[in-house]
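Undergrad: Give me a 3D structure for the following:
(one chain, ligands or ions: 2)
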Amino acid sequence: MRYEIVFPAGAWPGVLKHLLGQGSDEQLAFLLAGTARGSGWRRLLVREAIAVPAGAFVRQTGNYLAVKPEFSQGVLRRCYEEGLSLIEAHSHPFAGRDVAFSALDLANEELKFRYVASRIPHVTHATLVVGQDSLDAHVWDRRSRRTVPVDCIRILDQPITDLLPTSHELPGENVPDPAPWLHRQALAFGSAAQQRMERVRVGVVGCGGTGSLVVQMLAHLGVRRLVLVDPDVVEVSNLNRLVGARPADARNGRYKVDVARRLARSISHNVQVRALPLSVADPAAVAALKGLDLLFGCTDNDGSRLILNRMAVQYLIPYLDLGAGLQAAPGGRLSAGGGQVRLVRPGSFCLACIDGIDRVRAARDLQPLLDRRRHADRGYVQDNDLPTPAVLFLNCAVAALAMAEFVNLWTGYRAPTPLAYFDLLASRLAPAQAERQPDCIACGEGGSLGLGDLEPLPGVATTPPAGIGTCAWPPAPETQTHLERVKGR
Ligand SMILES: [Zn+2]
Ligand SMILES: [Zn+2]
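TA: Ligands and ions are numbered 1, 2, ... in the order given. From the prediction side, this is the model:
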């Protein structure tokens, strides 16, 4: 079983400040987390950090902590009632690069793990110890009934950082040279960053005009693991902009995901592609996407946006939303045109925070197709399937903007541009910033941030039980040299 702990944007610096920023005494924080489960993996998704105040300790020194039982009982009660998993994080302020759990920590940990496992079914219980330049983490594996090391701590700040617990073997110091065909790219970002990008597991939802370009660019970047989701087949009217498609694909009604897979494989021998001819509202698609590292939303459809935005917030997966459109008078005179790229880095703002999803259109998009057509026939709603103008070069501009942000997330070559709007007629690019809204319905207080499997996604009927084949990770990376052992402060 592979275990990961994910911190949403902005959470880790606050936890570190509490644990290490208060002098020489050890400190403690309880982290409440949702869980995402799949075949062979678990992710603990940090939702809330409870900093234990000085008054809640029976004893607190530079090498010993004992918290009042009533305080920890209150935390455990919340785990029991809300189904949340628990990560107990404490500091060893005198440890440097090789922090480790003490013998006393290990003895207490085992007792606590067994106690919680016997009293609170279904939650996962982990411990985390932080030194000045390193950390370690353990988790109780219920199946084997023993303590195992956590594999990775992911921090969704900029750039995204993966911290390697000290329990793990250190990866080799030498980063292998990139493949010759990726050499010029490695010159831009460095071999380590190139390696890191290659290991990112990416979901692309929508493999049409912008999605096919995204898949093409990801393959050129060297990304090796892709999950493609789109229920549609190629039509003749797609051929002016569907990269990789041939006239025969339209004649034969080939799925767009199959065309995109063929395209990716024609660029890179190393890319592994799962092509799912499904709607993102299909539980099997959700199961395949919820354990990935990043999602691209390329459907330009508010129903998909509603689901993907919630998936990002709930499963703590960064999400890039793409949109492009043209308006023209009958006979062909452009009146408006442009596109947008919006980055949801969970913990930062989401699309609901910026009112970026049209709820009426989303509800219509999520209706079964037959109902939608019937309503359109009666004039209740505009038929979303009516042909609208579309050109490849506009999609290229939007896909390129999204790819620049994707690379930046993993390499940190510049400050993030979470919102970018491109006006084709004015030939203008407008970057913008936004902030998380505390009362956001999706990610605000009491919202879905980090809830994982605890809550169903909107528009997705049921989720199949974890472990039913569809949830497996793409194969694990063969090396882990991108993982850092330091805190990344
Ligand atoms: Zn300790
Ligand atoms: Zn929000």
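
Undergrad: what residues are up against whatever residue of the stretch 151-300 of the chain ends up closest to ligand 1?
TA: Proximity of the stretch 151-300 of the chain to ligand 1 (C-beta to the ion) peaks at Thr166, 12.9 Å away. Every C-beta, even on glycine, is put in place using the N, C-alpha and C of the backbone. By C-beta atoms under 8 Å, 6 or more residues apart in numbering, the residues touching Thr166 are 98-100, 134-136, 485.

Undergrad: of all these, which two lie farthest apart?
TA: Within the contacts of Thr166, Ala100 and Arg485 form the most distant pair, 12.6 Å apart (C-beta to C-beta).

Undergrad: related to what we said a few turns ago, turn the contacts of Thr166 into JSON lines, including neighbour count.
TA: Output for the contacts of Thr166, formatted as JSON lines (neighbours: other C-beta atoms under 10 Å):
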{"residue": "Asp98", "neighbour count": "11"}
{"residue": "Val99", "neighbour count": "21"}
{"residue": "Ala100", "neighbour count": "16"}
{"residue": "Ser134", "neighbour count": "22"}
{"residue": "Leu135", "neighbour count": "26"}
{"residue": "Asp136", "neighbour count": "24"}
{"residue": "Arg485", "neighbour count": "17"}
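
Undergrad: Hmm, Val234 and Pro277 touching each other?
TA: No. Judged on C-beta atoms under 8 Å, Pro277 makes no contact with Val234 at a distance of 11.5 Å.

Undergrad: picking that back up, just the element for the closest residue to the residue of the stretch 151-300 of the chain closest to ligand 1 other than its chain neighbours, please.
TA: With sequence-adjacent residues excluded and distances taken as C-beta to C-beta, 6 or more residues apart in numbering, Thr166 is closest to Asp136, at 4.6 Å. Following DSSP states H and E, one finds Asp136 within strand 135-141.

Undergrad: State the mean pLDDT of that strand.
TA: Taken as a whole, strand 135-141 has a mean pLDDT of 96.

Undergrad: Sheet partners, orientation included, of the helix or strand that comes right after that strand?
TA: Downstream of strand 135-141, the next assigned helix or strand under DSSP H and E is strand 146-149. When sheet partners are counted by DSSP bridges, strand 146-149 sits next to strand 135-141 (antiparallel).

Undergrad: Let me know whether the partner strand sits next to ligand 1.
TA: No. Strand 135-141 does not reach ligand 1 (C-beta under 5 Å from the ion); its nearest approach is 9.7 Å.

Undergrad: Show me what that strand is in contact with.
TA: 1, 3, 5, 42, 44, 87, 99-101, 109, 113-114, 116-117, 124-129, 146-150, 153, 163, 165-167, 487.

Undergrad: Can you select the buried ones from those residues in PyMOL?
TA: Remark: buried members of these, expressed as a PyMOL selection using 16 or more other C-beta atoms under 10 Å:
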select buried, resi 3+5+42+44+87+99+100+101+109+113+116+117+124+125+126+127+128+129+147+150+153+163+165+166+167+487
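
Undergrad: ok now do the residue lying closest to Asp177 once chain neighbours are set aside, which residues does it touch?
TA: Spatial nearest neighbour of Asp177, chain neighbours left out: Ser191 (6.3 Å); criterion: C-beta to C-beta, 6+ apart. Contact partners of Ser191, counting by C-beta under 8 Å, 6+ apart, are 175-178.

Undergrad: now do 7 Å
TA: Counting by C-beta atoms under 7 Å, 6 or more residues apart in numbering, Ser191 touches 175, 177-178.

Undergrad: Next, work out how far apart Met197 and ligand 2 are.
TA: From Met197 across to ligand 2, the span is 27 Å (C-beta to the ion, to the nearest Å).

Undergrad: and that residue, that one's in a helix?
TA: Yes. Assignment of Met197 by DSSP: H, G, I helix; E, B strand; the rest coil places it within a helix.

Undergrad: Show me the contact partners of stretch 290-301.
TA: Counting by C-beta under 7 Å, 6+ apart, 36, 38, 41, 43, 200-206, 208, 210-211, 214, 227, 289, 304-305, 308, 311-312, 315, 317-324, 365, 402, 406, 471, 473 sit against stretch 290-301.

Undergrad: Export the strand holding Asp136 to CSV, keeping only CA atoms.
TA: The C-alpha coordinates for strand 135-141 follow below in CSV (Å, rounded to 0.1, in the frame of the first residue of the first chain):
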residue,chain,number,x,y,z
LEU,A,135,10.5,15.2,8.5
ASP,A,136,9.4,11.6,9.0
ALA,A,137,5.9,10.1,8.9
HIS,A,138,4.3,6.8,9.8
VAL,A,139,0.8,5.4,9.3
TRP,A,140,-1.1,2.5,10.8
ASP,A,141,-1.8,0.0,8.0
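
Undergrad: any idea how far it is from the chain center?
TA: Taking the mean of its C-alpha atoms, strand 135-141 sits 22 Å from the chain's own mean (C-alpha atoms, centre = their mean, to the nearest Å).

Undergrad: Take the contacts of Ser191 and write them to JSON lines, including pLDDT.
TA: Formatted as JSON lines, the contacts of Ser191 follow (pLDDT from 0 to 100):
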{"residue": "Val175", "pLDDT": "74"}
{"residue": "Asp177", "pLDDT": "85"}
{"residue": "Pro178", "pLDDT": "89"}
